[in-house]
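J.: Show me how the following folds:
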Amino acid sequence: MEGILMRGPKKQAIVCRTADGLVEKVEDLKLIKDKYPILGFPFIRGVVTFLDSMIKGMQALMYSAELLPEELQEDDPIDKWIEEHFSADKAKKLIIYVAVVLGIALSMFLFVFLPAFIVGFIKPIYNNYFLRNLAEGVVRIAILLVYMRLCCCVSDVKRLFAYHGAEHKTIFCYEHGKELTVENVRPESRFHPRCGTSFLLVVVIVSVLVNSVVKVSNTFARVGCHLLLLPVVVGISYEINRWCGLHDNWLSSFLSAPGKWLQRMTTNEPDDSMIECAIRAMELVIPENQGDDAWGS
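T.: Just a heads-up that it's a prediction; the model follows:
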């Protein structure tokens with residue numbers, strides 16, 4: 001909310017704009033793969049990174065929400081109950097984990113159960129597993145697009161997406177070796193191949209291919225199989241996104257094109273104050289040693 005979460009190779013920074021100016025919070029990145037190297041292996045790291053990003057994102061969202069004026073802060077009944085029954089530290093952690101679980105549950109309902117349930121009513125393709133899986137993929141994409149479009153109608157989300165655009169522009173400016181100034185950042189593209197939005201769309205498309213191995217008709221059995229295959233889908237999708245971010249050729253452009261198109265909804269053109277916020281967040285996570293910022297290293 002009114003800020004940027006920027007992650008570097010060693011640190012992450014949250015920079016929010018308040019009535020008193022920019023508020024900064026910098027933390028060293030503690031990656032679980034550093035403790036358990038196997039979790040950094042290809043196809044495994046995608047699932048780990050996805051869960052870690054959700055948790056870190058919720059922590060940043062809660063931090064930014066606390067900086068809002070009291071009259072703009074909303075009391076959630078679940079959060080209020082947790083705060084009344086647990087200590088401050090435990091309550092904060094529990095609220096984050098509850099939010100992550102609820103977020104995952106909602107995603108599972110919208111993109112796993114609902115498509116299988118809807119397509120299950122189409123009798124002509126009930127036992128044609130290829131067409132049924134393809135139809136479920138089409139429904140998933142439709143749900144994703146409708147969901148994103150509805151989000152774009154919320155004024156606070158519009159500003160959030162403008163900060164998202166400022167983040168992408170600033171990253172591009174840094175990757176192009178330019179000085180981080182508002183004037184240099186402003187003309188950069190707001191569509192970045194390594195965006196999480198692109199990742200979401202890749203997940204939906206990859207799920208069509210991976211779930212083609214499911215040869216069961218019962219809707220609930222199909223949902224169960226799709227859930228079991230979800231880590232595989234996420235792992236493959238992450239590697240595709242990662243590869244596209246490391247290469248600049250016709251294939252990477254082709255693979256990243258749908259995600260960039262979706263970013264037309266999830267990024268907006270930022271104003272100068274948002275760009276300033278993104279620049280400061282980037283400055284806080286730039287590594288001291290040259291070469292440590294090579295993405296994918």
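J.: Please make it C-alpha for all contacts and neighbour counts, starting now.
T.: Noted.
J.: Kindly provide the distance from the residue sitting furthest away from the middle of the chain to G57.
T.: When distances are taken from the C-alpha mean of the chain, P124 lies farthest, 36.2 Å away, according to CA atoms, centre = their mean. Note on P124: its distance to G57, by CA to CA, to the nearest Å, is 43 Å.
J.: Same question for T197.
T.: Taken as CA to CA, the span from T197 to G57 is 14 Å.
J.: For the two, indicate the residue with more neighbours.
T.: Ranked by neighbour count (other CA atoms under 10 Å), T197 and G57 place T197 first, with 21 against 15.
J.: What confidence value was assigned to the residue farthest from the centre of the chain?
T.: Here, the pLDDT recorded for P124 equals 89.
J.: how about it, phi and psi?
T.: Dihedral angles of P124 (phi, psi; degrees, to the nearest 10) stand at phi -60, psi -30.
J.: Which residue ranges of the stretch 51-200 of the chain form helices?
T.: In the stretch 51-200 of the chain, the segments counted as helices under DSSP state H, counting those that start in this stretch are 77-85, 88-108, 114-119, 129-151, 155-175, 182-185, 196-210.
J.: wait, which of the ones you listed is closest to R45?
T.: helix 196-210 (14.0 Å; CA to CA).
J.: Just want the angle from the next helix or strand along the chain from that closest one to helix 129-151.
T.: Using DSSP states H and E, the helix or strand that follows helix 196-210 in sequence is helix 219-246. On the basis of axes from the mean of the first three to the mean of the last three CA atoms, to 10 degrees, helix 219-246 is oriented at 70 degrees to helix 129-151.
J.: On the C-terminal side of helix 219-246, identify the next helix or strand.
T.: helix 250-266.
J.: model confidence over stretch 226-237, on average?
T.: Mean per-residue pLDDT for stretch 226-237: 92.
J.: my bad, stretch 16-25
T.: Averaged over stretch 16-25, pLDDT sits at 89.
J.: For that stretch, C-alpha coordinates in CSV please.
T.: Once non-C-alpha atoms are left out, stretch 16-25 reads as follows in CSV (Å, rounded to 0.1, in the frame of the first residue of the first chain):
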residue,chain,number,x,y,z
CYS,A,16,6.5,3.5,1.5
ARG,A,17,5.4,7.1,1.0
THR,A,18,3.6,8.7,3.9
ALA,A,19,2.5,12.2,4.8
ASP,A,20,5.9,12.7,6.5
GLY,A,21,7.9,11.4,3.5
LEU,A,22,9.5,8.1,2.6
VAL,A,23,9.7,5.4,5.2
GLU,A,24,12.3,2.7,4.7
LYS,A,25,12.8,-0.8,6.0
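J.: Of all the residues in it, which ones are buried?
T.: Going by neighbour count (16 or more other CA atoms under 10 Å), the buried part of stretch 16-25 is C16, R17, E24.
J.: low-scoring stretches of this structure, by residue?
T.: Counting by pLDDT under 70, the low-confidence segments of the chain come to 68-76, 78-79, 92, 290-297.
J.: Distance check, the residue nearest the centre of it against S256.
T.: Most central residue of the chain, judged by C-alpha distance to the mean C-alpha position with CA atoms, centre = their mean, is G196 at 3.8 Å. As for G196, its distance to S256 is 12 Å (criterion: CA to CA).
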